[in-house]
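# Next input, structure requested:
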Amino acid sequence: MITYIGSENIISPLGNSAEENFTHVSNGKSGIELFKNVGVGKEDLYLSKIKSLEVDHKFDYLLSNCLDSIINASSDNIINSEDTIVIISTTKGDIQENLATPIQASVDKLQQDYNLAHTPLVISNACISGVLAMNTANNFIQANSYKHAFVIGADAISSFVLYGFQSLYAVSDEPCQPFDKERKGITLGEGAAGVLMSSDPTVFKKESFEFVEGTSSNDANHISGPSRTGEGLYRTVNKTMELGGVKTSEVDFISAHGTGTLFNDEMESIAFDRLEMNAIPLNSLKGYFGHTLGAAGLIESAISMQSMRNNTVVKSLGYANDGTSGGINILTENIEKELTTFLKTASGFGGCNASAIIRKVK
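Model prediction:
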């Protein structure tokens, strides 16, 4: 049985639809800007922040607006079906408004507002949450537990999140430069993205793709530091390729995690070198959106799906000089070519890693 995926949407500083975001990204425009007096010591920092989003409960706003768009791009009434599950990907939820229980109230509100047949499932596993949420949806569909899954991810910038990353000395004082020799750390971002996944291709109003396979792996290297050998990422990509029956030569491009931190980017390059994927075009989209945490895997998958719709792989913004040992093929210019298949990867704190393969329906 095929799991279909489509109806992708993105809300970010670059726009409120996947199409609008892709247009800006393909033209090299970034959502990252300098914000004054925002750091723990009132530093000026670069962020990818939605300026118009000055509302209470930003997390709820992002979730509902993203879900509305996906509902409008799918068949009527499946959102309320007993055959449908909503899966939410986030790392911090509504923590700015509710420090004690930042996710439960949002889950309850979403179920009530949309009259959902089932309580939404929350996937909160560091920065692999978005990819893991899609993998979970695929597992449910393949097991015939549900026919449809609305997968939405969101995270908002808050003082709690920003100060936390500053305490780890992980935030760059310049726009992030994934895989570049001069990279200094992450740039935080906020936004939302989502997709519809289903065993029924007729529920999509536009062309859908095939979600081939997705897996995860944890190398348990360190609470915040990635494996120096790329072991967890190596294992999940190898397993996803094996279970999906996909050869390296069939992958047109890789949408990597690429945070712009010294150790993460080096780890990824080592893993891809071990996987003999050095020649495959690779990008990180963090230079456009910043690191959007629980939304990152879904934002980057949605842009990659737009890449396949437009047969254009976008360059890795912020990269100029090789700063990793793996010898990977990081894109410095957009590539226009017929695209059929991409690999999405994600890595996060605690040694977690995830990967997924999406391709055009054969």
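
# wait, doesn't Ile152 sit right on Thr90?
No: taking contacts as CB atoms under 8 Å, Ile152 lies outside contact range of Thr90: 9.1 Å. To be clear about C-beta, it is placed using only N, CA and C from the backbone, and glycine gets the same treatment.

# Contact partners for the spatially most central residue of the chain?
For the chain, Gly297 is the residue whose C-alpha lies nearest the centre (CA atoms, centre = their mean; 1.3 Å). Residues counted as contacts of Gly297 (CB atoms under 8 Å, 6 or more residues apart in numbering) are 89, 127-134, 153, 344, 346, 354.

# what's the answer for Lys362, then?
Lys362 neighbours (CB under 8 Å, 6+ apart): Glu210.

# go with 10 Å
Neighbouring residues of Lys362 by CB atoms under 10 Å, 6 or more residues apart in numbering: 2, 210, 340.

# now swap in Leu293 and tell me
89-92, 124, 126-127, 129-130, 153-157, 161, 165, 186, 188-191, 348.

# mind redoing it with 7 Å?
91-92, 127, 155 (CB atoms under 7 Å, 6 or more residues apart in numbering).

# Between these, which sits nearest Asn221?
Cys127 (14.6 Å; CB to CB).

# Give me the subset of the contacts of Leu293 lying in strands.
Using DSSP state E, Asp155 are the members of the contacts of Leu293 that sit in strands.

# Greatest separation within the contacts of Leu293: which pair is it?
Longest span within the contacts of Leu293, CB to CB: Lys92 and Cys127, 11.4 Å.

# Now do the phi/psi pair for the residue nearest to the centre of the chain.
Dihedral pair for Gly297: phi -60, psi -30, per degrees, to the nearest 10.

# Next, find the distance separating it from Ile11.
Using CB to CB, to the nearest Å, Gly297 is found at 15 Å from Ile11.

# the more surrounded of Lys92 and Cys127?
Applying other CB atoms under 10 Å to Lys92 and Cys127 shows that Cys127 carries more neighbours, namely 28 against 20.

# Surely that one and Leu298 touch.
No: using CB atoms under 7 Å, Cys127 is not in contact with Leu298, being 11.7 Å away.

# If you count neighbours, what's buried in the helix or strand bottoming out on mean pLDDT in the chain?
Across the helices and strands of the chain, mean pLDDT, DSSP states H and E gives its lowest value to helix 159-167, namely a mean of 89. Within helix 159-167, the residues scored as buried using 16 or more other CB atoms under 10 Å are 161-162, 165-166.

# CA atoms only: put it into CSV for me.
Taking C-alpha atoms only, helix 159-167 is exported to CSV below (Å, rounded to 0.1, in the frame of the first residue of the first chain):
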residue,chain,number,x,y,z
SER,A,159,12.7,34.4,25.6
PHE,A,160,12.7,30.9,27.3
VAL,A,161,13.9,29.3,24.0
LEU,A,162,16.3,32.0,23.0
TYR,A,163,18.0,32.3,26.4
GLY,A,164,18.2,28.5,26.6
PHE,A,165,20.2,28.2,23.4
GLN,A,166,22.3,31.2,24.4
SER,A,167,23.2,29.4,27.6
